[in-house]
Every structure is written in C-alpha cells, then in structure tokens.
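>>> Would you be able to build a 3D model of this:
(one chain, ligands or ions: 1)
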Amino acid sequence: MDGTLQYLTREELCPNGIWQLPNVTKSVLRYQILRLPKSEVSETETRYPQSPAEMRAFLVKFFTRHYFQTQNSLIDYMTSQDFLNIASSGHLRILDVGSGPAVTSLAITDMLSCILEHLEDLGEWPKGKIIKVTYVLNDTSGICLGTGQRMLTDYFRIRGGHTGRIINNDRIISVQKAFPGNMNQLRRARFNLGVYDIIIFSYVVSPLNENEGFNSLVNGLLSIEKLCSHNGRILILQDKFQTSLVRRMSKAIGISSNKQILTQYVYPKRNENETYTYTYYCCLYAPVREVIKSKLSSMVVTKQHNCIF
Ligand SMILES: C[S@@+](CC[C@H](N)C(=O)[O-])C[C@H]1O[C@@H](n2cnc3c(N)ncnc32)[C@H](O)[C@@H]1O
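Reported below is the predicted structural model:
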C-alpha cells in the first residue's frame with residue numbers, strides 16, 4: 001500500500017523525475033509576484049526579505065527550490081503508515097519556523113491534497129472525510145508572515161470545491177518573535193492547539209546560528225522536540241554550502257543528515273522545459289522515537305555495567 005501510494009504521488013508531482021508545480025500553486029505564486037513591486041535588491045535581501053520588493057525577489061528565486069526540496073524530503077514519510085495514522089485522526093498541525101512566505105507549509109498542503117486524492121481513489125480514505133490543517137507560521141519578518149497567510153488563504157480559495165472536500169484550512173497563526181526566544185509562545189500554541197505533527201526549519205538554521213549562536217540553536221532544536229507528536233517528524237533543510245554547520249548541528253543533537261539531489265522545472269517560467277538540479281542537506285527525524293531509543297540504550301549500558309561490577 002505505502003509503495004503504491006508513494007508511486008502514484010511521485011508520478012503526479014515529479015513525472016519523469018522532474019518536480020513540477022500544480023496549476024493551483026502556479027496561480028498562487030504568479031498572483032503574489034505580480035502584485036509586488038520589482039526593483040534591484042541584494043542577495044542577502046533576497047534571502048531574508050523585509051520589504052515588498054525583496055519579497056518579490058525571494059518568490060522568484062527561492063520559492064520553488066525550497067518547495068520541491070520539502071516535498072522530496074517528506075514524500076516517503078507522508079506516504080508511510082506513521083503519517084497516515086496522523087491523517088486519519090482528522091487533524092494535522094504544522095509548525096513552520098523561519099517560514100518565509102509559508103513555503104514549506106504550502107508544499108506539505110499540496111502534497112497532502114495529492115495523497116488524499118489517491119487514497120480516496122484507492123478506496124483507502126472514506127468518501128467525504130475531512131482533515132483539518134492548523135498552521136503555526138513563525139518568522140521575524142512581517143512581510144513574510146503576511147505573504148504566507150495570503151498565499152495559504154489563496155491556495156484554499158482556488159482549490160476550493162476540489163480539495164476543500166478533503167482538506168480544511170483550520171487556522172493560521174503567526175508568531176513574529178524570533179526563535180528560540182519564542183519557545184513559551186510555541187508551547188502555549190501547542191497547549192491550545194495540540195502537539196505539532198510536522199515541525200520544519202527550512203533554510204533557517206544558518207541565520208539562527210549567525211544571529212543567536214550555535215548553543216542557542218542546538219538548545220532550541222532540543223527543546224522543540226518535546227512539542228512534536230508521537231508519529232510526527234522534524235525536518236531541517238539547508239543548502240550544500242553549509243556542510244560544516246549541518247555536520248556540527250547533527251552531531252550535537254544526535255541525528256543524521258543526508259545529501260539530496262533533485263531536478264525541477266524553473267518557475268516563473270523563462271522558457272519552456274527549463275530545468276535545474278539542486279543539491280541540499282536534509283535531516284528528517286522522529287524525536288519521540290529517538291528519545292525512547294536513547295533511553296533504551298542507556299538502560300542497556302546500565303545493565304552491562306551491572307554485569308561488569
Ligand atoms: C532563507 S528564508 C527561508 C524561508 C522558508 N522557510 C523557505 O524555506 O523558503 C529564512 C527565513 O528565516 C527567518 N528568520 C531568521 N531568523 C529567524 C528567527 N530567529 N526566528 C524566526 N525566523 C527567523 C527570516 O526572516 C527568513 O524569512
């Protein structure tokens with residue numbers, strides 16, 4: 001079952017091994033780009049947008065890159081029984097730290113919609129059963145949070161009748177205080193809304209390391225683990241130029257990182273069939289299970305000690 005669902009989902013989102021946007025996301029992206037002013041902005045301003053022109057540059061340069069990397073990193077998990085157990089509970093909660101314009105939240109929502117449609121076709125999803133999705137977007141940039149809210153709302157409005165049948169935009173909450181100083185707010189949101197099922201740090205560990213320092217980044221990542229649901233996952237994405245940071249961080253929190261390569265179409269399209277291949281780092285882990293595993297291994301160590309002494 002997992003294999004068939006994964007095959008069908010991949011065929012739809014990544015035909016012939018090239019990731020592409022569905023029409024609905026293309027419209028949402030195009031509309032936002034058109035409404036924002038165009039002017040010259042620097043590389044840093046493009047990466048960390050604070051103004052409408054910088055937001056436009058981000059959407060043109062980075063949106064689809066990070067969107068496809070999220071889908072590529074999560075497709076195995078989101079077609080696995082662990083994720084389907086969450087989906088069948090009827091509620092999915094996403095925490096998107098350093099959300100930018102809700103890039104990864106949109107990528108997850110769109111892949112979820114594709115998965116649920118295939119499940120329904122396969123007779124594995126009860127007709128008319130709705131899943132509610134709650135989004136907690138965290139970013140220090142007001143323009144990112146505002147654009148993210150608008151893009152998610154537009155996505156649901158455009159998909160409307162079709163996916164609206166299955167996915168329901170439960171609520172979108174914005175948190176503007178910087179991570180990890182906002183931990184109390186994130187805890188409160190978890191207390192009021194329920195535990196987070198997918199927690200994402202996409203292209204944010206590098207500014208976190210620079211601005212807050214490495215120890216603060218690691219402590220933040222360790223604290224967030226406690227807010228993740230039983231079958232949930234934490235996803236960290238970062239580009240290939242941050243090898244030493246990714247290695248140091250993975251070691252400090254006891255997770256592994258993988259180098260991934262993906263090929264995608266370029267949006268907005270400059271010419272037909274233009275593709276690009278990107279390499280990036282992905283860390284995807286189940287914090288609850290890691291805690292149980294480490295507790296078990298410390299029990300084994302204690303036992304061995306007992307035998308020796
Ligand atoms: C490169 S963008 C990535 C946006 C999005 N996650 C993506 O993958 O496209 C990094 C974002 O992190 C935000 N950011 C930087 N430091 C942050 C912090 N301490 N807490 C929350 N957001 C932060 C920036 O404002 C920026 O929007």
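>>> Could I get the phi/psi values of the one residue sitting closest to the centre of the chain?
Nearest to the mean C-alpha position of the chain, by Cα atoms, centre = their mean, lies Thr104 at 3.9 Å. The phi/psi pair for Thr104 (degrees, to the nearest 10) reads phi -70, psi -30.
>>> ditto for Val41
phi -140, psi 160.
>>> Quick one: residues contacting it.
Ser51, Ala53, Glu54, Ala57 (Cβ atoms under 8 Å, 6 or more residues apart in numbering). Glycine gets a C-beta too; all of them are placed from N, C-alpha and C.
>>> Give me the PyMOL select line for those residues, limited to the buried ones.
Restricted to buried positions by 16 or more other Cβ atoms under 10 Å, the PyMOL selection for the contacts of Val41 reads:
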select buried, resi 53+54+57
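>>> Kindly indicate which of the contacts of Val41 lies nearest the ligand.
Nearest to the ligand among the contacts of Val41 is Glu54, at 9.8 Å by Cβ to the nearest ligand atom.
>>> that's a helix at the closest one, yeah?
Yes - the assignment for Glu54 (DSSP: H, G, I helix; E, B strand; the rest coil) places it in a helix.
>>> Now do it, the pLDDT please.
pLDDT for Glu54: 98.
>>> Provide a list of residues in contact with it.
Applying Cβ under 8 Å, 6+ apart, the residues contacting Glu54 are Val41, Glu45, Thr46, Tyr48, Ile143.
>>> Ok, Tyr278 next?
Contacts of Tyr278 by Cβ under 8 Å, 6+ apart are Arg65, Gln69, Ile261, Leu262, Gln264.
>>> which of these count as buried?
Neighbour counting by 16+ other Cβ under 10 Å classes Arg65, Gln69, Leu262, Gln264 among these as buried.
>>> The last one falls within a strand, correct?
Yes - under three-state DSSP, Gln264 falls within a strand.
>>> what is it paired to in the beta sheet?
Beta-bridge partners for Gln264, by DSSP bridges, are Trp19, Tyr276.
>>> Spell out which parts of the stretch 51-200 of the chain neighbour the ligand.
62, 66, 97-100, 103-104, 138-141, 144, 178-179 (Cβ under 6 Å from any ligand atom).
>>> What count of nearby residues applies to Glu12?
When neighbours are counted by other Cβ atoms under 10 Å, Glu12 registers 15.
>>> and if you look at Leu186?
Neighbour count of Leu186, defined by other Cβ under 10 Å: 23.
>>> cool, Ser223 as well?
14.
>>> low-scoring stretches of the protein, by residue?
Where the chain drops to pLDDT under 70, the residues are 1-2, 161-165, 289-309.
>>> mind running it again at 50?
Where the chain drops to pLDDT under 50, the residues are 299-309.
>>> In it, mark out all the helices, start to finish.
Remark: helices assigned in the chain by DSSP state H are 2-13, 23-35, 43-47, 52-61, 63-78, 81-88, 103-121, 142-163, 183-193, 205-212, 214-224, 243-253, 287-308.
>>> Packing partners of the third one?
In other words, helix 43-47. Helix 43-47 sits against helix 52-61, with contacts defined as 3 or more Cβ pairs under 8 Å, 6 or more residues apart in numbering; DSSP states H and E.
>>> Return the member of the residues of the stretch 51-200 of the chain next to the ligand nearest to Lys127.
Thr104 (29.3 Å; Cβ to Cβ).
>>> ok, the closest one touching Thr70?
Yes - in this structure, Thr104 is within contact of Thr70 by Cβ atoms under 8 Å, at 4.3 Å.
>>> any idea how far Pro126 lies from Glu12?
21 Å (Cβ to Cβ, to the nearest Å).
>>> ah, wrong one, I meant Asp170
Separation of Asp170 from Glu12 (Cβ to Cβ): 25 Å.
>>> Over to Asn273?
19 Å.
>>> do the same with Asn138
Asn138 is 30 Å from Glu12, by Cβ to Cβ.
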